[in-house]
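Participant: For reference, the sequence and a predicted model appear below.
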Amino acid sequence: SSEETDTETDTGDNASQFAIIADTLDSDTGELRYQLSDALAVGQANVSFLYPAGETETAAFTVFSTGGTSTSSSEHIADLQLDSGTISLRNQGDISTFTPGEWVDLQINWSTNGTESAEVTITVDGTEIGTYTNAYSADGNEDTGAQDIQIRYAGGSATTEFVLNVDDLAIYSDEGTTEV
């Protein structure tokens with residue numbers, strides 16, 4: 001996996017900086033991860049993706065809880081997956097669509113009960129898609145909220161010639177006013 005940041009020579013008000021995530025190894029996935037210093041029982045995470053036209057691999061925007069292994073799929077508070085024009089939420093199925101080759105803005109709001117479930121609200125391109133209850137932990141660990149925010153591209157054994165552009169990642173310790 002590899003991570004790069006495009007830092008153009010223009011550093012004025014119109015400068016553009018964004019992350020490029022690639023997956024060129026068949027032994028891992030391309031990823032960008034942010035680990036919070038303190039768990040957030042209530043929070044919001046925003047990001048913009050430019051998922052390539054013609055891509056068939058999955059890109060994911062995931063909020064993981066404090067319980068167990070930080071990136072275990074059983075410990076996700078919310079796991080949005082983008083795949084060939086469809087947005088799905090793990091344990092809920094397809095919830096929306098997007099246009100590959102165009103930027104899409106994603107927002108996840110969560111409020112956990114401190115043990116094993118969360119109310120998760122998903123917003124795509126400024127439109128609230130819905131609120132879902134997600135049970136994320138049955139392992140007996142005390143989960144106190146979100147610990148890791150992760151963006152993944154392609155699969156652990158998959159590779160792709162495309163890259164995922166990521167911009168405007170923001171994490172809030174509440175419903176969107178106090179940035180972490």
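Facilitator: Noted; the coordinates are in hand. Numbering: from 1, shown residues only.
Participant: my read: L50 touches P100, true?
Facilitator: No. Using Cβ atoms under 8 Å, L50 makes no contact with P100, being 9.0 Å away. To be clear about C-beta, it is placed using only N, CA and C from the backbone, and glycine gets the same treatment.
Participant: Now do the shared contacts for the two.
Facilitator: Common contacts of L50 and P100 (Cβ atoms under 8 Å, 6 or more residues apart in numbering): none found.
Participant: Tell me which stretches of this structure form strands.
Facilitator: Along the chain, counting by DSSP state E, strands occupy 2-7, 17-22, 30-40, 42-50, 59-65, 76-83, 86-89, 93-97, 103-112, 117-124, 127-135, 146-153, 163-172.
Participant: so which of those strands comes closest to T178?
Facilitator: strand 163-172 (5.8 Å; Cβ to Cβ).
Participant: what sits up against that closest one?
Facilitator: With Cβ under 8 Å, 6+ apart, strand 163-172 has contacts from 18-22, 30, 32, 34, 36, 40, 43-52, 59, 103, 105, 149, 151, 153, 178-180.
Participant: sorry, back to before: could I get the strands of the chain as CSV with mean neighbour count?
Facilitator: Shown next, in CSV, are the strands of the chain (neighbours: other Cβ atoms under 10 Å):
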stretch, mean neighbour count
strand 2-7, 12
strand 17-22, 17
strand 30-40, 16
strand 42-50, 21
strand 59-65, 26
strand 76-83, 24
strand 86-89, 18
strand 93-97, 13
strand 103-112, 21
strand 117-124, 20
strand 127-135, 13
strand 146-153, 24
strand 163-172, 18
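Participant: Any chance of JSON lines for those strands, columns mean pLDDT?
Facilitator: Converted to JSON lines, the strands of the chain look like this (pLDDT from 0 to 100):
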{"stretch": "strand 2-7", "mean pLDDT": "44"}
{"stretch": "strand 17-22", "mean pLDDT": "92"}
{"stretch": "strand 30-40", "mean pLDDT": "91"}
{"stretch": "strand 42-50", "mean pLDDT": "96"}
{"stretch": "strand 59-65", "mean pLDDT": "91"}
{"stretch": "strand 76-83", "mean pLDDT": "92"}
{"stretch": "strand 86-89", "mean pLDDT": "96"}
{"stretch": "strand 93-97", "mean pLDDT": "96"}
{"stretch": "strand 103-112", "mean pLDDT": "96"}
{"stretch": "strand 117-124", "mean pLDDT": "92"}
{"stretch": "strand 127-135", "mean pLDDT": "91"}
{"stretch": "strand 146-153", "mean pLDDT": "92"}
{"stretch": "strand 163-172", "mean pLDDT": "96"}
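Participant: Good, we can wrap up now.
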